[in-house]
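**Q** I would like to see how this sequence folds:
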Amino acid sequence: MEKRFPAKADKKGLDALIQYCHQLIDIIKDDESLKYQAKVHENLNLLIEVLAEAEQPETAEHTYLTPMDPDASIGYKSAYNPFFGYKDHYLLTPDRLIVAAIFTAGHVNDGGQLPALIQKAQNNGLKIHSVIGDMAYASKQNLELMDAEGIKLVGKLNPVISAAMVNQERDGFTYNKDAERFICPNGRMSEKGTERASRNNDSRRRSYRFDASGCVGCPLDGKCHKPGTKSRVYTVVIPSELNQKQQAFQESDEFKELMNHRYKIEAKNSELKYRYGLNKAESTRLIAMSLQGATAMFVANMKRIMTLIAQKEK
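**A** Residues are numbered from 1 along each chain as shown. Now for the predicted structure:
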């Protein structure tokens, strides 16, 4: 196998390293036994993204950034589509105005940001009657908060997320709804979960395996799993009757009517990324990303306000 790979670049300099990486990518892409392995695929995508950044011409507006940003981390758009960077979390009104925003590292769970977003919006004087989101927001904690605040949570239930959010506060493991896998406190992703029924009741248990060989050097090594073990299995219990009230609301006409507005969120995501530049961090560190994001959202809001005023004057 080693003979098939190109010789490592013996010349110093970025150009020689880039050429070696391209040769390595071509070989992996042509090898069916390699490119579909999860770990290989994840690192291959990350390498391709870094190369694309490195090969951009340097101009006054462009500075090459390495992936060595201490505040950024690897998140997952799907099980085989990782990204290195940050996430933006925000609340959007029916008129498509952003009223609260939080910026985090890429691995941070989406649903866990909802309480802080609601608090920010309420501090700004906004009265919230309902919140629309995807399955990541329909956790047990968020449902309890919405019930206490008298806010309707318009998000389809995912039983794994509900159970995962309980465990998250205890040991730091979070569920990534796009990849359908767990992320450990240090940002590593598990393998796909396996499910079985419990013996004593009608609940279910879902287990997620982590390869312990990747934990070498991690500051949590030996804490998340027993030293010397080859794997770490993370298990969540999913009660069958959990969130029955939300399930009933989910099947109502009101829920379906409110869910029809969810497309506005995806449209705003696309606008922020491709019209206002949030698809790429212009600098390192979370504070810089927060400033970039706040600026982009301010401009997007101003444009939307002008559009609403023009519509009102017609």
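
**Q** quick one, helices of the protein?
**A** Across the chain, reading from the start of the chain, the helices by DSSP state H fall at 14-30, 32-35, 38-54, 114-123, 140-149, 159-171, 244-250, 253-259, 263-274, 286-313.

**Q** hmm, who's touching the second one?
**A** Same thing as helix 32-35. Under the criterion Cβ atoms under 8 Å, 6 or more residues apart in numbering, residues Ile28, Lys29, Val40, His41, Leu44 lie in contact with helix 32-35. Any C-beta I mention is one placed from the backbone N, CA and C, and that applies to glycine too.

**Q** from the residues you listed, which single one is nearest Ile265?
**A** His41 (28.2 Å; Cβ to Cβ).

**Q** in this structure, which helix or strand is least confident?
**A** Per-element confidence for the chain was summarised using mean pLDDT, DSSP states H and E. The lowest value among helices and strands belongs to helix 159-171, with a mean of 57.

**Q** nearest spatial neighbour of Leu44, chain-adjacent residues omitted?
**A** Using Cβ to Cβ, 6 or more residues apart in numbering and skipping the chain neighbours, the partner closest in space to Leu44 is Ile28 (5.7 Å).

**Q** and that neighbour, how far is that from Asn45?
**A** In this view, Ile28 and Asn45 are 11 Å apart by Cβ to Cβ, to the nearest Å.

**Q** in the stretch 1-150 of the chain, where is pLDDT below threshold?
**A** Residue ranges of the stretch 1-150 of the chain with pLDDT under 70: 1-3, 9-13, 35-38, 41-42, 53-67.

**Q** ok so, going back, can I get the contacts of helix 32-35 in a markdown table with neighbour count and distance to Ala100?
**A** Listed next are the contacts of helix 32-35 as a markdown table, based on neighbours: other Cβ atoms under 10 Å; distance: Cβ to Cβ, whole Å:
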| residue | neighbour count | distance to Ala100 |
| --- | --- | --- |
| Ile28 | 19 | 42 |
| Lys29 | 12 | 42 |
| Val40 | 14 | 39 |
| His41 | 17 | 35 |
| Leu44 | 19 | 37 |
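
**Q** just give me the closest of these to Ser190.
**A** Using Cβ to Cβ, His41 is the member of the contacts of helix 32-35 that lies nearest Ser190, at 15.1 Å.

**Q** the closest residue to Ala79 other than its chain neighbours and Asn43, how far apart?
**A** Spatial nearest neighbour of Ala79, excluding adjacent residues (Cβ to Cβ, 6+ apart): Ala179 at 4.3 Å. With distances taken as Cβ to Cβ, Ala179 is found 15 Å from Asn43.

**Q** and those two? Which one has more around it.
**A** Looking at Ala179 and Asn43 with other Cβ atoms under 10 Å, you find the greater number of neighbours at Ala179, namely 21 against 14.

**Q** now do the phi/psi pair for the more buried one.
**A** phi -80, psi -20 (degrees, to the nearest 10).

**Q** Provide a list of residues in contact with it.
**A** Tyr76, Ser78, Ala79, Met189.

**Q** thought the second one was touching Lys177?
**A** No - because the distance of 10.2 Å does not satisfy Cβ atoms under 8 Å, Ser78 is recorded as not touching Lys177.

**Q** so those two - more neighbours on which side?
**A** Applying other Cβ under 10 Å to Ser78 and Lys177 shows that Lys177 carries more neighbours, namely 20 against 11.

**Q** would you confirm that that one contacts Met135?
**A** Yes - under the contact definition of Cβ under 8 Å, Lys177 touches Met135, with a separation of 5.3 Å.

**Q** partners of Arg196 in the sheet?
**A** Arg205 (DSSP bridges).

**Q** give me the pLDDT value at it.
**A** For Arg196, the model assigns a pLDDT of 77.

**Q** give me every residue that touches it.
**A** For Arg196, the set of contacting residues under the criterion of Cβ under 8 Å, 6+ apart consists of Arg204, Arg205, Ser207.

**Q** and for Thr104?
**A** If a contact means Cβ under 8 Å, 6+ apart, then Thr104 has Tyr86, Lys87, His89, Gln113, Leu286 as its contacts.

**Q** now do Ser130
**A** Counting by Cβ under 8 Å, 6+ apart, Ser130 makes contact with Ile151, Lys152, Leu153, Val154, Leu258.

**Q** against His129, how distant is Gln246?
**A** Gln246 sits 16 Å away from His129, taking Cβ to Cβ as the criterion.
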